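Peer 1: Could you work out the structure for the sequence below:
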Amino acid sequence: MAKVTREVVENAGVDLDKLLKLLIKNAAAELTTYYYYTILRANLLGLDGETLKEITEVARIEDRNHFEALVPRIYELGGKLPDDMKEFHDLSACPPARLPENPTTEEILKVLVAAERCAVRGYTQICNMTAGKDHRTYDLALSILHEEIEHESWFSEFLGEGPSGHFMRRGETSPFVSKFLK
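Peer 2: The predicted structure follows:
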């Protein structure tokens, strides 16, 4: 734990216990989403499904990267991950992105977009809590938020909710979060 880091964040007026709880819950959401997206991607079948596999894979890998970027900050602030994976799963800030009973491409898309919308809400909450007070956590949460908004835009466009204005990234994953993974 970084004692001065914790002290500075607390002195800035951040409820550190609440922040750590949110960071851990969002880390759980990222890791469980990585797992569930693996199953969803495998069930994207047919021509429509094939077009979504690459986008789902990018979102899946980036969610894993989000988890990896969150963990050091949790420990820097004096938090820790639960020792039990089942407990960690159940702490998730978002409902499990489970394969729907009727796994059509459209139903899978609805699960994907719901998961991304939950993530956008979670990181917006962290940004609002840390803006101007905890610069490192704010920067991290904002970087993740950028990527989650892109994921939501990609999936919602496929649901016919209108043009997203976003394009699929080529080559690089986690362009906003990658600085936290070095």
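
Peer 1: CA atoms for contacts and neighbours, from now on please.
Peer 2: Will do.

Peer 1: In the helix or strand hosting Val4, which residues are buried?
Peer 2: Val4 is part of helix 3-11, with elements assigned from DSSP states H and E. Taking 16 or more other Cα atoms under 10 Å as the neighbour-count basis, helix 3-11 is seen to contain the buried residues Arg6, Val9, Glu10.

Peer 1: what separates it from the chain centre, distance-wise?
Peer 2: Mean-position distance between helix 3-11 and its chain equals 25 Å (Cα atoms, centre = their mean, to the nearest Å).

Peer 1: same question, stretch 125-134
Peer 2: Distance, stretch centre to chain centre, for stretch 125-134: 17 Å (Cα atoms, centre = their mean).

Peer 1: again, but for stretch 118-130
Peer 2: With Cα atoms, centre = their mean, you get 10 Å for stretch 118-130.

Peer 1: which other residues reach it?
Peer 2: Contact partners of stretch 118-130, identified using Cα atoms under 8 Å, 6 or more residues apart in numbering, comprise 14, 19, 22-23, 26, 29, 93-94, 137-138, 141-142, 144-145, 148-149.

Peer 1: Equivalent analysis for stretch 73-84, please.
Peer 2: Contacts of stretch 73-84 (Cα under 8 Å, 6+ apart): Met1, Ala2, Lys3, Thr5, Arg6, Leu16, Leu20, Leu23, Ile24, Val71, Phe88, Thr137.

Peer 1: What is the lowest-pLDDT residue among the residues you listed?
Peer 2: Scanning the contacts of stretch 73-84 for pLDDT, the low point is Met1. It has 62.

Peer 1: ranges for the helices of this structure?
Peer 2: In the chain, the helices defined using DSSP state H lie at 3-11, 16-42, 46-76, 85-90, 105-130, 135-158.

Peer 1: contacting residues for Ala93?
Peer 2: The contact partners of Ala93, taken as Cα under 8 Å, 6+ apart, are Leu22, Lys25, Asn26, Ala28, Ala29, Cys118, Gly122.

Peer 1: So for the nearest residue to the third one once chain neighbours are set aside, what's the pLDDT?
Peer 2: Think Asn26. Nearest non-adjacent residue to Asn26, counting by Cα to Cα, 6 or more residues apart in numbering: Ala93, 5.3 Å away. Per-residue pLDDT puts Ala93 at 97.

Peer 1: ok, of the contacts of stretch 73-84, which come out buried?
Peer 2: Arg6, Leu16, Leu20, Leu23, Ile24, Val71, Phe88, Thr137.

Peer 1: Now do the contacts for the fourth one.
Peer 2: With contact set as Cα under 8 Å, 6+ apart, Leu23 has these partners: Leu70, Ile74, Ile126.

Peer 1: What's the separation between it and Leu140?
Peer 2: Distance, Leu23 to Leu140, using Cα to Cα, to the nearest Å: 11 Å.
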